[in-house]
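**Q** coords below, sequence missing:
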């Protein structure tokens, strides 16, 4: 089993990748990476899973809602 520090390190790495992917999406749409939306959704899913493993409470609404400013 991985330590909490290892999981937090991975969470931070995924956050950085997600920020980069969102920036790429905003600046270039799908021209550089046609699958950028799938990359973003995958990273969000991984982050939610790791936060669940750490037993950290997610903010109200899911992470996708927070990132995209969408409310259902």
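**A** Done, it's in. Everything numeric here is computed off the predicted structure, so don't read it as measured data. Numbering: from 1, shown residues only.

**Q** got the contact list for the closest residue to residue 30 other than its chain neighbours?
**A** Once flanking residues are discounted, residue 30 sits nearest to residue 36: 5.7 Å by C-beta to C-beta, 6 or more residues apart in numbering. Glycine gets a C-beta too; all of them are placed from N, C-alpha and C. Applying C-beta atoms under 8 Å, 6 or more residues apart in numbering to residue 36 gives the contacts 21, 24, 25, 30.

**Q** likewise residue 47?
**A** The neighbours of residue 47, taking C-beta under 8 Å, 6+ apart as the test, are 11, 14, 15, 18, 63.

**Q** how many neighbours does the fourth one have?
**A** Under the neighbour criterion other C-beta atoms under 10 Å, residue 18 is assigned a count of 19.

**Q** that one reaches residue 44, doesn't it?
**A** Yes: using C-beta atoms under 8 Å, residue 18 is in contact with residue 44, at 6.8 Å.

**Q** my read is that residue 22 contacts residue 40, right?
**A** Yes: contact between residue 22 and residue 40 holds when scored by C-beta under 8 Å: they sit 6.4 Å apart.
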